[in-house]
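Asker: Generate a structure from the sequence data that follows.
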Amino acid sequence: MSVAKRNNVQVRGSGPRAMVFAHGFGCDQNMWRFVAPEFERDYRTVLFDHVGAGHSDLNAYDPVKYASLQGYADDLLEIGRELRLENAVFVGHSVSAMIGALASLQHPAMFESLIMVGPSPRYIDDDTYKGGFSAQQIEELLSFLEENYMGWSAQMAPMIMGNPDRPELGEELTNSFCRTDPEIARAFARVTFMSDNRADLPRVSARTLVLQCREDVIACQQVGEYVHKHIPRSELVLLNATGHCPNLSAPDEVVAAIRAFV
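Answerer: Here you go, the predicted model:
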């Protein structure tokens, strides 16, 4: 099976450099439809679906390989090698921010810069770190998801999206969650919410932009500040956007911040 088919890789635009867009949990590459086209004039844009999402090949899902974020980072590196990416820009939303960081650690020459939209290296609090959730809250969230994925999606997606005055956004995210294979989504959720990439941050050498939303229930401002503090060559931009998905709710602001950085 080709990598392009496995991950439904789509390449558009033109330019000497590539800009790779990676979606978050429960989403697919369609979540970048208001952002990626804005860069097609100056970059080769690369969009793809993580295995288990969108139009990826579900038969390629391997529960052992994808039991950690490294499995997804390995896929990203395979895509990069197939496209011969060098000094590319990586744009990762939510959990894909850490997937991109892991890939950059393995192959620093592939990505000259990382743009992290709503990143979190660790969702669970401990004695000296505030990730936004207690261990019990995460376990309850995962238990609810495992027992009733559709019910979890309908309840959680609007909260994650925020922007209650624009209910169509929450509805789109709910529908996106519900299109995802439930078994794979359960496994990816556990990998996502139990991950801990804090020790990886100081090792990231790529220029990094952290885009932080206000009132983000998944990755609060304190977490964005933590990521910025621990990645050596990073900048932090606090967006006026609220919620966890500014690529949908405030794409113009995301585009402007990326342009100013690259």
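Asker: CA atoms for contacts and neighbours, from now on please.
Answerer: Noted.
Asker: Which stretches in the chain count as helices?
Answerer: 3-6, 69-82, 95-106, 135-147, 149-161, 167-179, 182-194, 221-230, 246-249, 251-261 (DSSP state H).
Asker: what's the fifth one packed up against?
Answerer: The reference is to helix 149-161. Here helix 149-161 touches helix 135-147, helix 167-179, going by 3 or more Cα pairs under 8 Å, 6 or more residues apart in numbering; DSSP states H and E.
Asker: Count the neighbours of V46 for me.
Answerer: 22 (other Cα atoms under 10 Å).
Asker: list the contacts for it?
Answerer: Shown in contact with V46 (Cα atoms under 8 Å, 6 or more residues apart in numbering): V9, Q10, V11, R12, A18, M19, V20, F21.
Asker: Is it bridged to anything, and to what?
Answerer: V11, V20 (DSSP bridges).
Asker: From the structure, what's the count of residues near G54?
Answerer: Residues near G54, counting by other Cα under 10 Å: 21.
Asker: Just give the closest residue to it, not the sequence neighbours.
Answerer: Among residues not flanking G54 along the chain, D28 sits closest, at 5.0 Å (Cα to Cα, 6 or more residues apart in numbering).
Asker: gap between that neighbour and I160?
Answerer: Noted for D28: a distance of 16 Å to I160, by Cα to Cα, to the nearest Å.
Asker: Check S205 too.
Answerer: S205 is 30 Å from I160, by Cα to Cα.
Asker: What of H23?
Answerer: H23 sits at a distance of 15 Å from I160 (criterion: Cα to Cα).
Asker: For these two, indicate the residue with more neighbours.
Answerer: Using other Cα under 10 Å, the more surrounded residue of H23 and I160 is H23, with 25 against 21.
Asker: Need the helices of the chain in a markdown table (columns: distance to R214 and mean pLDDT).
Answerer: Formatted as a markdown table, the helices of the chain follow (distance: least, Cα to Cα, whole Å; pLDDT from 0 to 100):
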| stretch | distance to R214 | mean pLDDT |
| --- | --- | --- |
| helix 3-6 | 35 | 96 |
| helix 69-82 | 26 | 98 |
| helix 95-106 | 18 | 98 |
| helix 135-147 | 21 | 94 |
| helix 149-161 | 12 | 92 |
| helix 167-179 | 17 | 90 |
| helix 182-194 | 20 | 95 |
| helix 221-230 | 7 | 98 |
| helix 246-249 | 10 | 96 |
| helix 251-261 | 13 | 98 |
